[in-house]
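[1] can't give you the sequence, but here's the structure:
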Ligand code: OFO
């Protein structure tokens, strides 16, 4: 059985993961409009991954006999600037998600909730990858700068991302 504190914190995290999906979908829509179909693809695959993260928490609450309460999802921005701005925003967002997962883990430790700790270990590893993915692309885009051929090359590369 989940404590009320853990249940509330995981419900909050479900909302953050759903918002992440919404944010990446908004980035994808923006990139479609800006004629960066490869980046749009990368963002759409990421949005689907975020939905899966939310469902992982959702299933965990139900499996532990808790209750999922869904809250309103905030409206994401509509303009994201250059490809470099987009991936910098993505990296910042993932750093925020990492800190919220870490806070959840600290709460699970304080509550002696071992099952929640084990479930969160998957997310702790996942966040290493989430931050790395965004920061690798930021580094690439910093090298490319305003070079149009370079931007098109990055766009073609990101077109290849597929769902796991
Ligand atoms: Fe769910 O990891 Fe990104 O936000």
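    That came through, no problem. Computed from a prediction, not measured in an experiment: that's the story for all the values here. Numbering: from 1, shown residues only.

[2] was I right about residue 142 contacting residue 85?
    No: using C-beta atoms under 8 Å, residue 142 is not in contact with residue 85; the gap is 11.6 Å. Just so you know, the C-beta spots here come from the backbone N, C-alpha and C atoms, and that holds for glycine as well.

[3] is it true that residue 107 touches residue 3?
    No: the pair residue 107 / residue 3 is not scored as a contact, 9.1 Å apart, by C-beta under 8 Å.

[4] For the two, indicate the residue with more neighbours.
    Comparing residue 107 with residue 3 by neighbour count (other C-beta atoms under 10 Å), the higher total belongs to residue 107, at 19 against 15.

[5] roughly how far is stretch 19-34 from the heart of the chain?
    In terms of C-alpha atoms, centre = their mean, to the nearest Å, the centre of stretch 19-34 is found 12 Å from the chain centre.

[6] Which positions in it come out as buried?
    Under the neighbour-count criterion of 16 or more other C-beta atoms under 10 Å, stretch 19-34 has 19-31, 34 buried.

[7] ok, these vs the ligand, which is closest?
    Minimum separation from the ligand among the buried residues of stretch 19-34 (C-beta to the nearest ligand atom) is found for residue 20, which lies at 3.5 Å.

[8] Find the residue closest to that closest one in space, skipping its chain neighbours.
    Closest residue to residue 20 in three dimensions, ignoring its sequence neighbours and counting by C-beta to C-beta, 6 or more residues apart in numbering: residue 50, at 4.1 Å.

[9] The helix or strand encompassing that neighbour and the ligand, any residue contact?
    Under the assignment given by DSSP states H and E, the secondary-structure element containing residue 50 is helix 37-63. Yes: counting by C-beta under 6 Å from any ligand atom, the ligand has neighbours in helix 37-63: 50, 53.
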